[in-house]
Every structure is written in C-alpha cells, then in structure tokens.
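**Q** Okay, predicted coordinates and the sequence, questions at the end:
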Amino acid sequence: MPTNLVRREFLKKVAQYGALGTAAPLALSLSSIAHASSPAATDYKAVVCVYLYGGNDYANTVVPYDSTSYNLYNNLRSSIALTRSSLASTVLTPTQPLSGGLSFALAPNLSSLMPLFAGNQMAVLLNVGTLIQPTTKAQYLAKSVALPPRLFSHNDQQKFSQSMLDPGDSGWGGRLEDLLMSNNASSTFNAISASGNALFLSGRYTNQYQVSTNGPIAINALTGTPFGNSAVSSALRSIITTPPNQILSDQLTAYASRSISAQGMLSSVIGSSTPFGTTFPANNSLASQLQIVARIIKANQSLGVKRQVFFVSLGGFDTHDHLPTLHPQLMATLGSAIAAFQTAVASMSLSPNVLTFTSSDFGRTLTSNGDGTDHGWGSHQFAFGGPITSSKFIGTPPALANNGPDDLGQGRLIPTTSNDQLAYSIGKWLGASDSDLKGALPNAQNFSTLTF
Amino acid sequence: MTEVSLPTQESAKSHDATSEHLLAKSTASLAAIALLDGCGGGGGSGGASASAPSTTPVNVSSIEAARFLSQASLAATDQDIQFVVNYGKEAWINQQATLSSSTTRVAWLNNAGYLNASNMNSDAGLNNVLWHHLIAEQNPFVQRMALFWSEFFVVSVLGLPVSWRQYMAAAYMDTLEKNALGNFRDLLQAVTLSPGMGEYLNLAGSQKSDTATNRHPDENYAREVMQLFTIGLYKLNQDGSAVMGSNGQPVPTYTQADVTGLAAAFTGWNFTGSSTNIAYAITPMTVTESVHQGSTPNSFLGTTIPAGTTGAQSLQLILETLFNHSNTAPFVSKQMIQRLVSSNPSSGYVSRVAQVFANNGKGVRGDLMAVTKAVLLDPEASQPVSSSVGKIREPMLRLVQWARTFQVGSATGAWNIGDMSDPGTRLSQSPMRSPTVFNYFSPDYMPPNTALSSQNLVAPELQIIDETSIAGYLNYLQQFVVSGISDAVPNYANELAIGGNVTQLVARLNLLLAANQLSATTMSTITNAVSTMSSSSNAAKLNQIYAAIFLVMASPDYLVIR
C-alpha cells in the first residue's frame, strides 16, 4: 500500500479545500483514505463511459437474427422492425457461438463496429441494467425484493445507473477513482467529462473536471489588456477567485479557480487536435467528445496520471416517436464515433489499456406504440478494448415476448445482469482490491462475478 | 408522519367557472388602466382614485425596488425602479399584467419573412423571435413569467424533428404567454393540446391498443405530465416536503399501471391538417374518437373513466384529476419560488404559496396571478430568512438583463442573437433549446462533494456551471459588453452621461445590475481598476463603462441573488 502517496494526496486535498475557503467534507479524514488498500499501479488504464441519454432501444440495436428469433421480433414490433435482409452484413459471429442456435445482428448503421467485433475488441452485454439484487419476475410482482428506485423514470434511472446508490450523492466512476487516485500525480484530471455535468464521475473525494470538445478554455481577460488596461485583468482574477464567504458564491469561485489551474496544466500538453492516424467524423457530437478524450489520454505521461475515468454522451434516445427515422441516425453517430475512437486508441498502442463501455437510462419496450417505443428497464450494451480480448456475448439472451418470463409486459426486460457486476469487474481490472470495491459498490456482493 | 390536508383546499371550488376569473381579471385590468392614467397625469398625484395605489403610502427604497425587479422582471431599469418606489411592488405587478406584447411570436415570424418554403425544415427565425420578445417587448413581467413556464412545461425545438418547427415552438411560447397569469387548469389544457407539446412528448398520434400488431398507446406524455408538470414522483405535504411512508421512505404518487391507464385515456389526439401547411403547427390538436381507447374503463391515480367515455370527455376528467390532486399546489408553487426567488425556500414559504394555489381567497383554485403575487410579495422574497442562500442567476437571464438595462436595440429588426447554448463559447443556456424535458438543470440538483451538499442545500443552476462554462461565459461577456451581438447593440448614453466619474458609474451598475449586493471589497476592486483607465474622451469613457460592466457581471456577488 503506497501510504506515502495516500498521505500526500490527502494533505494536498486538505490544502485545496483550505485554499478555496470551503469546509472539507466531514468524511474526508486521513483514516478513511488510508483504508484504500489497492496496490500502486505501474501502467496506465482508463475507463470511458459512453452514456446514451434517453434510454436506448435495445431491440433495434442488437437485433435477433436467427429465423425463429427474428420472426418473434418482427411480430412483436412489426411497424418498427428492421428488415431481416438489412441485417445480413452485420450478423455477429462470436468466438463461442450462443447456445440454442441463437444469433444477433447489429443495427445496420453500426456496421463500423464490425471490425472491432471481428478483431476480438468488442463484447455485447445482454440484458444488463439497474438492480439491487437478483430479481425474477415472480419476485418483482410479489414485491419481495429490493428494487431500484423509481424505475422507468429518466432522471432517476440516469442517476441510479450512474451512482448505484440511493440517494445518489456520488457516481460509481468517481468512487472507483477515489480508490485509485493516489496513483496520479495531480487530482485535477482523475475524472473528466467532455459532456457537462455527470454524476458518474463525482466520487466521495473525486471531483469531476469538465472539458470542452476543443480542450480547456482560457479566460481571455485574465491576460493582456482587456478594454485597453491590464488593471482590469488583475481585478478580474481577484474577483472571480476570491471566495466572498457566501456558500453559493464560494462554489463559483471554486469552479473559476479550478478552471484557471486546469487550463494552465492541460493546454500546454494536449497538443494538436489531429495527432491520430484516424479522422474523427465531422458533425458528430459524440466523436468530438471522444476526440478530446483521446487527446487527453495521449497526454497521460505528461500529466502524470495512471488511472482515469472519462464520461461522454449522446442524447436523443428517447424514441417514443419517429423511431424508424431517428434511431438509425443515432446508431450511425454512435458507431462511427466509437470506431474512430478505438482506432485512435489503437494508434497509441493503448487498446489493452482503455476500456470503453456504453450505458443508458434504461431499455425500452419490445412492442411498439405505432412509430416508437416506451420506457423499459434492462437493455443491451457494448464494451470495447481493455480487458476484452475475444468477440463475445456476456449475459443471458432474454425471451422475446410480450409479458413473457423475462419481461413485465410490452417487452420491458427485467435485467439478468446488474450494472454492479460490470462496475465490479471494471474496478478489478483497474486494480482496486476486493475489500475496497465492497465499499464502493455495496450491492455488488449480491451478485456473481462477471468475467470479461 | 401522515399526509397534511389543508381545510382551505377542500373548501376551494374546483376550477369550473371560467367566467369568474375572467371577470376578476377584467376588474384588475380596469384598476390598472386607471393607474396608468394616473402616472401619465404626472408625478403620480393626478388621477388618484380610491383604487389607485398612488394614494396608498408605499415605503420601498430604490434598492429594495431593484431587488424586487431582479426577481419579478427581466431587468431593473430606471423607470421600473421609480415606479416601484412610487407605487409599490403590487402596483407594478398589476400594471405590468395589463400590458400585451406588441405582436405574437407567430405574427413576428410572418412579418420578418420566415413564412417561406425554404424555412420549412429548419428552425430559422426561432431564436430571433424569442430574443426579440425577451429583450424588446415592453411587458417584462409577462415575458418573465412566460419564460418561467417554458422552463416548467419544457418544450425544446431540439425535440421537434418536424416541418415548420419554428412556428410550432413560437406558437407554444405564445400559448404560455397568453395563459401565464390565468388559471393553471387552462394553462395545463392549452399545453396538453398544443402542437408543440403534442410533438415533443408524443401525445400527437397516440392511438388505442391493437393486439394484432402488439401496439400499445404512447406513454410519454402520460408519464411526464404527472412526473414533471403536476404531481411529481412522491406524495407531498403542502409545504413541499415528501410524505414518508411506514417504511421510512417517500410514498410514490403513481406506478407503471397508472402510466399505462393514463396513456390509454389520453389516446386519440393529433394535429389538425397536413404537416406541410403551417396551420398544423399553430392550431390546437383535435381528437379522433375512432382511435381513442374508450371501449374499456381506463384507471389511473384512483380515478376510473368508464367505458364508453369519449376522448374529449376523457381529457377533461384527466385534467381535473391532475389539477385537483393535493400534490399539484405545492409541486408547482415550490418550483416557481425556486426559479424566481430562492433555491431553498423555507417550508413556510412553500406552504403560503401552495395555500394561495389551492384557494386564491375567493374560492378559486389555480389562479396564477394570485400564485405569482404570493411568490413575489412574500416576506421571504424581500427579507430572506437567515438560512437562505439565494439562487444563482440563470445565464440566459444575465444576457437579457444586460440587454434591457443598456437599451439594446436592433436597427435592422433582425435580432440575430442566435443559439446561446454552447458552454465553451456562449452561455450554456438558450430559450427553448433544453437538451431534454428535464430543463437545463434539475430543481433538486445538489452538487456532490461541496459545502452545499453537506448542508443538504440544492443549487439547480450549478448543474450547468463548470470549468468550461465559466470561461465561456466570461469570454462571451467580454465581447458582447462592447459590441453587442450581431445587429443587437447596446446604448450606453445614460452611463456616458455620468461623465467619467467612476464611483458614480460603479454605484449605478451596482444598483441596476446587482440590487446593491456587491460587497465593499468587490466595489473597491472594480472602482480601483476602472479608475486607472483614461476618461479623456468618449471612447475612453466607453472603455471604462465596458470594463466596469464586465467586472460587475463577472463577480460572484452579482451572479448570486441573495
């Protein structure tokens, strides 16, 4: 256990709180950090969460393809089903075939991911979602198990999927980083969002840094002679960084101070916008976010960081309407952005060091409301790179039905794999110890271990 | 703890007498017109009558007036401060409420030439007309309330992937403005049947179940009208706190079965006419009974609509149920307080407003003029309780305040202010461009790992403030303070007239922009910096003015309304 590093990190944090004039959280004590028992890291590892805001339609993302399954799928959502012929070139052939002759195809507009699957760089997670403990349909109906809070509600399930605690006052990505931050020379770049505020990244100690897709933004008036006078520049610095001793204003000065210091550290090391052997697609907000993530990953040695978590997102997945038009566009955006990112990571020879995964509020109904689908629960997700070394499906294929054994009606799936299992395995891969992970992911002990 | 029910609410009539509040409103209008005449008569002494507030002694300082206007209006102009000082806060509200916009947004788009086939598949003109109304219409109170409702009943043009979306959004905002000070029941119905909301949350086109194709009714509006627009997720006490169940957890207000039942009752509504003709985008939706699910009873929230009820009748029963639910008064009231006055209102404040929502004193529930007054005239709005931490000014309101304070106008009439939502280069917020129906920020957002969260305090607006948006705002501010935005340019004649006296200039900005809330330290930092600048010419004086406004609007003292 790198006690000296832990102690240094602690002292630095306390110093930061002191400088910001805000009280350190009560929980922030040397003993609580010193409990972190995870070993020091020698290599670089990063986790990138790609969040699909709105609740992705699982059934048109990972589509049942064997003829029996396809016919069920087509029957259950005839007005919005993809044609079988359109799926022929995106059929997934895993290293180990699924039992029962089942097969799946990716949405046609995810075709850019096919080389990743073929190259043993991609796994499909079947029917994963928020749970407290393993839950059967009978248990759900009998209300005999603890359930995630406020199922089917967007903001609540976004919160719970990113936190896995209720109340969700911290995110699980941030809590993993709490365990690992002592590996980083500075705490500023532990957890980075290229997509605004993300609960996922806020730990009990870890603060998220929010970067723009163009990199850190300098406050122009802090340098030079704004309005023709350098006195304005120093007055501005004083005004925006001196805590006025008012709780909201002090928070604003804390953000301004972090903005200034992070920009100073980061802009000099991230280099040009196109250092990779790949072109990120234009007019693709997710690709722009992933591009800045790739640039920051590339600077990991200059920044002195060994363990990082990132957050990017794509919105528009709440496809109650216009699904046949909108969902294929979303798939194209998602697929081309991730393909470019994985290529950039490979160009840095960091594919085994960077794990990218998708998450979403929830899945949607399998049946249609005419030209869209409604809020569900379990969904299919993807993982790329990092510990993924074979093309595979993880989890259990759900029964295709309306009010069948695996759904609550309209194909709202009860997850058979928990987000906790995924998070726990990610934490293990990052190097966190079992004892630390039990504190960070208290519900994970209710589930078996998921193997990548 | 058990649920509190207020006697006043039970005794209040449910809203069924439209003529009654029409009458009440027209009476108020007459009084306000009398007041206007009085002002026009000069000095506020002429035209005084028994109903004219000018005869009532008011005791409002200019600082208090500026503070009130920072909550109730979009800016504290010299004229508005003087009005409040002379006649009082309620008189200002009464007078403002009588003022109509010079044009609807739809008519503005027509006059500006946007009704052109080339604009059919874009939102061209929408930003222009929204900023025009926020900045240039001479009824800032009505505009402020319309904007509030647009952050409550959220429709974003980003979720309108249809033709003539700018007209759909503009008509929606016109609908909010028209109903902003009417009755909540009417507003709820107007929103529900608006093409904008119909498209945004997909009530438009939702049809009855069809077992042959496994089709089910669209659930989106049914869910969100409960969660976000009327009752919320948990049973509430009238002070806005959650009712706790026997298990120590909040009591949910509805289940998935309620959503399903409500979605079925809501089926049958759709646009009027073809989507190539703009009429469909600006005309309330109508019901087609043949696709309404009425052959079986529809149940939700303890209400059962019997089989055979038409879609039109079902809508009325749905809206009555939501309107009269005991949660609706505290749910709406608390959010209005949060947006206008304070992020963390006391339970007493919420109770007082909720009580007015339940009964305006004349037996009418949902009277929004009365509710708005209850929010703005509450003692806690003018004299914050010691536990109050205030609220952060929304970024888009900072821009509008600057524009109104410094008489921004457009010589061309184009108002090319555009989309302000990019956090790195603009303001991270822009009207009717929220990323989701959950608005730019959540009313219960509590920033993790902060002194706020350790004290259980929310700070909704902080959800869009971060290392990037802070820099983006300051950089953009530095530009627009000088040259405005495109054709929308400021007029600093009043500030130039101060003649380079920096102390006077900063004092004026402190009053108009910050209701005198800048600390002595901030004042002296700004004054000292600006005093080092030349004032030898008009151009030099303008540089002083730019610098002073920039520093005031950058300061945390200004950014937080306490």
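**A** Now that the structure is in, tell me what you want to look at.
**Q** For the rest of this, base every contact and every neighbour count on C-alpha atoms.
**A** Noted.
**Q** Now do the buried residues in the longest helix anywhere in chain A.
**A** The longest helix of chain A (DSSP state H) is helix A:323-347. Judged by neighbour count using 16 or more other CA atoms under 10 Å in any protein chain shown, the buried positions of helix A:323-347 are A:323-324, A:326-328, A:330-346.
**Q** Now for the residue of chain A found nearest chain B, how many residues are close by?
**A** Nearest residue of chain A to chain B (CA to the nearest CA) works out as A:Ser259 at 4.2 Å. Using other CA atoms under 10 Å in any protein chain shown, A:Ser259 has 24 other residues around it.
**Q** Not counting its neighbours along the chain, what's nearest it?
**A** B:Glu467 (4.2 Å; CA to CA, 6 or more residues apart in numbering or on different chains).
**Q** Right, and chain A sits closest to which residue of the stretch 451-562 of chain B?
**A** Closest approach between the stretch 451-562 of chain B and chain A, counting by CA to the nearest CA: B:Glu467, at 4.2 Å.
**Q** check contacts around that residue.
**A** Residues counted as contacts of B:Glu467 (CA atoms under 8 Å, 6 or more residues apart in numbering or on different chains) are A:Tyr209, A:Gln210, A:Val211, A:Tyr255, A:Ala256, A:Arg258, A:Ser259, A:Ile260.
**Q** Confirm that the fourth one sits in a helix.
**A** Yes: according to DSSP: H, G, I helix; E, B strand; the rest coil, the state of A:Tyr255 is that of a helix.
**Q** that older thread, okay, the contacts of B:Glu467 in TSV with secondary structure and pLDDT next?
**A** TSV is the format used below for the contacts of B:Glu467 (DSSP: H, G, I helix; E, B strand; the rest coil; pLDDT from 0 to 100):
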residue	secondary structure	pLDDT
A:Tyr209	strand	97
A:Gln210	strand	97
A:Val211	coil	97
A:Tyr255	helix	97
A:Ala256	helix	98
A:Arg258	helix	97
A:Ser259	helix	98
A:Ile260	helix	98
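**Q** can I see the domain layout of chain B?
**A** B:185-326, B:327-382 (automatic domain parsing).
**Q** How many neighbouring residues does A:Thr42 have?
**A** The number of residues near A:Thr42, taken as other CA under 10 Å, comes to 9.
**Q** Spit out the contact partners of the closest residue to it other than its chain neighbours.
**A** Nearest non-adjacent residue to A:Thr42, counting by CA to CA, 6+ apart: A:Lys306, 7.5 Å away. Listed by CA under 8 Å, 6+ apart, the contact set of A:Lys306 reads A:Ala41, A:Thr42, A:Asp43, A:Tyr44, A:Lys45, A:Ala46, A:Asn183, A:Asn184, A:Asn300.
**Q** Which of the domains of chain B sits closest to chain A?
**A** Closest to chain A of these is domain B:185-326 (CA to the nearest CA; 4.7 Å).
**Q** check whether that closest one contacts chain A.
**A** Yes: Domain B:185-326 comes into contact with chain A (CA under 8 Å from any CA of the partner chain), by way of B:201-202, B:206-207, B:213-220, B:256.
**Q** Most tightly packed of the domains of chain B?
**A** Most buried of the domains of chain B, by mean neighbour count (mean count of other CA atoms under 10 Å in any protein chain shown): domain B:327-382, with a mean of 23.
**Q** distance of the residue of the stretch 451-562 of chain B closest to chain A from A:Ser193?
**A** Going from B:Glu467 to A:Ser193 by CA to CA, to the nearest Å gives 11 Å.
**Q** Which neighbours do the two have in common?
**A** What both B:Glu467 and A:Ser193 touch, as defined by CA under 8 Å, 6+ apart, is the set A:Tyr209, A:Gln210, A:Val211.
**Q** tell me the SS of the nearest residue to the first one once chain neighbours are set aside?
**A** If the residues on either side of it in the chain are set aside, A:Tyr209 comes closest to A:Ile192, at 4.8 Å by CA to CA, 6+ apart. Three-state secondary structure (criterion: three-state DSSP) places A:Ile192 in strand.
**Q** Identify the residues contacting the helix or strand containing B:Gln166?
**A** If you go by DSSP states H and E, B:Gln166 is part of helix B:165-179. The contact list for helix B:165-179 (CA under 8 Å, 6+ apart) reads B:104-106, B:109, B:120-126, B:129-130, B:142-143, B:145-146, B:149-150, B:155-157, B:186-187, B:190-191, B:194-197, B:278, B:281-282, B:432.
**Q** which stretches of the stretch 51-200 of chain A form strands?
**A** Per DSSP state E, counting those that start in this stretch, the stretch 51-200 of chain A carries strands over the ranges A:62-64, A:104-106, A:122-129, A:191-193.
**Q** I'd like these as JSON lines, with distance to A:Leu355 appended.
**A** Compiled in JSON lines, the strands of the stretch 51-200 of chain A are given as follows (distance: least, CA to CA, whole Å):
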{"stretch": "strand A:62-64", "distance to A:Leu355": "20"}
{"stretch": "strand A:104-106", "distance to A:Leu355": "20"}
{"stretch": "strand A:122-129", "distance to A:Leu355": "10"}
{"stretch": "strand A:191-193", "distance to A:Leu355": "14"}
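**Q** which one of the ones you listed has the most crowded surroundings?
**A** strand A:191-193 (a mean of 27).
**Q** how far is that strand from where the chain is centred?
**A** Between the centre of strand A:191-193 and the centre of its chain there are 10 Å (CA atoms, centre = their mean, to the nearest Å).
**Q** got the residues of the stretch 51-200 of chain A near chain B?
**A** A:Asn75, A:Leu76, A:Arg77, A:Ser78, A:Ser79, A:Phe152, A:Asn155, A:Asp169, A:Ser170, A:Gly196, A:Asn197.
**Q** Against B:Trp92, how distant is the residue nearest to A:Ser259?
**A** 39 Å.
**Q** now B:Val129
**A** 26 Å.
**Q** more crowded one of the two?
**A** Per other CA under 10 Å, whichever of B:Val129 and B:Trp92 has more neighbours is B:Val129, with 25 against 22.
**Q** Quick check: chain neighbours aside, which residue is closest to that one?
**A** Closest to B:Val129 by CA to CA, 6+ apart is B:Arg105, at 6.1 Å.
**Q** Go ahead and confirm the one you found touches B:Trp131.
**A** No: at 10.4 Å, B:Arg105 does not count as touching B:Trp131 under the criterion of CA atoms under 8 Å.
**Q** When the two are compared, which one has more neighbours?
**A** Each of B:Arg105 and B:Trp131 has its neighbours counted (other CA under 10 Å); B:Arg105 has more, 26 against 22.
**Q** Show the pLDDT at that one.
**A** Predicted confidence (pLDDT) for B:Arg105: 98.
**Q** burial of the residue in the stretch 51-200 of chain B positioned nearest to chain A, as a residue count?
**A** Using CA to the nearest CA, the closest approach of the stretch 51-200 of chain B to chain A is made by B:Gly159 at 8.0 Å. Number of residues near B:Gly159 (other CA under 10 Å) recorded here: 21.
**Q** Provide a list of residues in contact with it.
**A** Shown in contact with B:Gly159 (CA under 8 Å, 6+ apart): A:Gly316, B:Tyr200, B:Thr436.
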